[in-house]
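> Quick one: sequence plus predicted model below, questions after.
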Amino acid sequence: MSSKYFILIDKLLFLHLEYQSRGEVLVSKIMTAYHKNERLKKIVVILITGLTAAVALNYFLIPANVFSAGMNGIAQIISSLLYEWFHIKIDTGTFIFLLNIPVFVLGFLKVGKRATILSFVNVVCVSVMTMLLPVGQITDNILMNALVGGVLLGLGVGLSLKMGFTTGGMDIISLVLSQTTGKTVGNYMLILNGIIVVIAGFFFNWESALYTIISIYAMTQVIDAIHTSHQKVTAMIVTVKPEEVTEELAKRMVRGMTLLPSVGGYSKKQGNMIMMVITRYEMYDLDQIVHEIDDDAFINILPTHSVFGRFANENEQKMYRTTGVLPEIKNRSQKK
């Protein structure tokens, strides 16, 4: 009996190890498929960005004589002024490349190596598709050209930012400023490109410059509608397991929480309600974490107009996950 018993245990252990091994292989395959899917998404977004930018430029903005925004606009201004004032002819593409070098260095340091490489590939894709697509005119209405061109450019830029990279130029500068200050990417693009438009209008044609402002405004509105990481919301979490939920949220999300006493209107049970401010990008993670612990938890999301006080940005969150200390707290401890 004892020998049969041990043989049975050995078989069970063997089956357990076999199924465990199969489970690990399955998890590995799922993770590989997930990463491949993410790479495929990025490739599709890069192609969409290149196509929308090429269509916007060649079919709407260039035929209507509306100035380009960002580094392309600066390159156009420098190239035109050099030829007009000093009769020196240098191709606009040369200035686009030269102007983007320090911007990509900034992106490499602040945005990240991977995002900067993807941004470079994105810029190359936009350039190639713009050269391959022939220039044509769909409508002679300058206002329609400015609006549609701005919307198409904003679509490509917004999708790129949402996937974690940019279209180069002013996008990287705006993204760095947005991460530093917490303001919207679209607002910074509007300000920086507005300066370019004023300079272009002063030296060239004010009518085209004014239509460029309309185009840039349309572009920034589309960007802010797609890229919503700057938008903050307040989550009110009602749960019967506040200790477990707060502990798990503290482990996986770098966000402050406030516990408020609550009483169930129907059950009359006393408990705690968790209040925390997060970004729209973190709503999915919050929902997953809370309902992993309490399936019956109730989450109410409220729009938040402004936040005054400490609210960690992406760089501070990365630093906390790496070191376990937020920048300001680290600096204070060093001073002591």
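Done, it's in. Residues are numbered from 1 along each chain as shown.

> give me every residue that touches residue 157.
49, 166-167, 171, 189, 219, 222-223 (CB atoms under 8 Å, 6 or more residues apart in numbering). C-betas here are computed from N, CA, C, even on glycine.

> now the residues you listed in TSV, with distance to residue 108 and neighbour count?
Shown next, in TSV, are the contacts of residue 157 (distance: CB to CB, whole Å; neighbours: other CB atoms under 10 Å):
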residue	distance to residue 108	neighbour count
49	20	27
166	12	29
167	16	25
171	14	26
189	20	28
219	25	29
222	27	21
223	22	28
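
> These in helices, which ones?
Assignment to helices by DSSP state H places the following of the contacts of residue 157 there: 49, 171, 189, 219, 222-223.

> Would you map the helices across the protein?
2-56, 70-86, 92-110, 113-132, 142-162, 170-181, 185-203, 206-226, 242-252, 283-293, 314-323, 327-335.

> Dump those helices into CSV; add mean pLDDT as well.
Shown next, in CSV, are the helices of the chain (pLDDT from 0 to 100):
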stretch, mean pLDDT
helix 2-56, 64
helix 70-86, 77
helix 92-110, 72
helix 113-132, 78
helix 142-162, 87
helix 170-181, 72
helix 185-203, 76
helix 206-226, 84
helix 242-252, 87
helix 283-293, 85
helix 314-323, 66
helix 327-335, 47
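
> Out of those, the one nearest residue 271 is which?
helix 242-252 (6.3 Å; CB to CB).

> by contact count, what packs against that closest one?
Helices and strands touching helix 242-252, by 3 or more CB pairs under 8 Å, 6 or more residues apart in numbering; DSSP states H and E, are strand 270-279, helix 283-293.

> what's the most buried one of those?
Neighbour counts (mean count of other CB atoms under 10 Å) averaged over each of the helices and strands packed on helix 242-252 peak at strand 270-279, with a mean of 17.

> thinking again about what came up before, could the helices of the chain go into a markdown table alongside distance to residue 274?
Below are those laid out as a markdown table (distance: least, CB to CB, whole Å):
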| stretch | distance to residue 274 |
| --- | --- |
| helix 2-56 | 30 |
| helix 70-86 | 42 |
| helix 92-110 | 33 |
| helix 113-132 | 33 |
| helix 142-162 | 28 |
| helix 170-181 | 27 |
| helix 185-203 | 30 |
| helix 206-226 | 29 |
| helix 242-252 | 6 |
| helix 283-293 | 9 |
| helix 314-323 | 19 |
| helix 327-335 | 22 |
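
> winner for burial among those?
Of the helices of the chain, helix 142-162 is the most buried (mean count of other CB under 10 Å), at a mean of 23.

> Only alpha carbons, please: show that helix as PDB.
Extracted in PDB, the C-alpha atoms of helix 142-162 (Å, rounded to 0.1, in the frame of the first residue of the first chain):
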ATOM      1  CA  ILE A 142      -8.400  78.600 -47.800                       C
ATOM      2  CA  LEU A 143     -10.400  78.300 -44.600                       C
ATOM      3  CA  MET A 144     -11.400  74.700 -45.400                       C
ATOM      4  CA  ASN A 145      -7.800  73.800 -46.300                       C
ATOM      5  CA  ALA A 146      -6.500  75.300 -43.100                       C
ATOM      6  CA  LEU A 147      -9.100  73.500 -40.900                       C
ATOM      7  CA  VAL A 148      -8.900  70.100 -42.600                       C
ATOM      8  CA  GLY A 149      -5.100  70.200 -42.800                       C
ATOM      9  CA  GLY A 150      -4.900  71.100 -39.100                       C
ATOM     10  CA  VAL A 151      -7.300  68.300 -38.100                       C
ATOM     11  CA  LEU A 152      -5.300  65.700 -40.100                       C
ATOM     12  CA  LEU A 153      -2.000  66.800 -38.600                       C
ATOM     13  CA  GLY A 154      -3.500  66.800 -35.100                       C
ATOM     14  CA  LEU A 155      -4.800  63.200 -35.700                       C
ATOM     15  CA  GLY A 156      -1.300  61.900 -36.500                       C
ATOM     16  CA  VAL A 157       0.400  63.900 -33.700                       C
ATOM     17  CA  GLY A 158      -2.300  62.900 -31.100                       C
ATOM     18  CA  LEU A 159      -2.100  59.200 -31.900                       C
ATOM     19  CA  SER A 160       1.700  59.300 -31.800                       C
ATOM     20  CA  LEU A 161       1.700  60.900 -28.400                       C
ATOM     21  CA  LYS A 162      -0.800  58.400 -27.100                       C
END
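
> about what we covered before: can you add distance to residue 302 and give the contacts of residue 157 back as JSON lines?
Rendered in JSON lines, the data for the contacts of residue 157 read as follows (distance: CB to CB, whole Å):
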{"residue": "49", "distance to residue 302": "33"}
{"residue": "166", "distance to residue 302": "31"}
{"residue": "167", "distance to residue 302": "33"}
{"residue": "171", "distance to residue 302": "31"}
{"residue": "189", "distance to residue 302": "28"}
{"residue": "219", "distance to residue 302": "29"}
{"residue": "222", "distance to residue 302": "25"}
{"residue": "223", "distance to residue 302": "24"}
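
> now, which of these sits nearest residue 210?
residue 219 (15.2 Å).

> For burial, what's the neighbour tally of the residue lying closest to residue 236 once chain neighbours are set aside?
In this structure, residue 236 finds its nearest non-sequential neighbour in residue 300, 4.3 Å apart by CB to CB, 6 or more residues apart in numbering. Residue 300: 11 surrounding residues under other CB atoms under 10 Å.

> All set, thanks.
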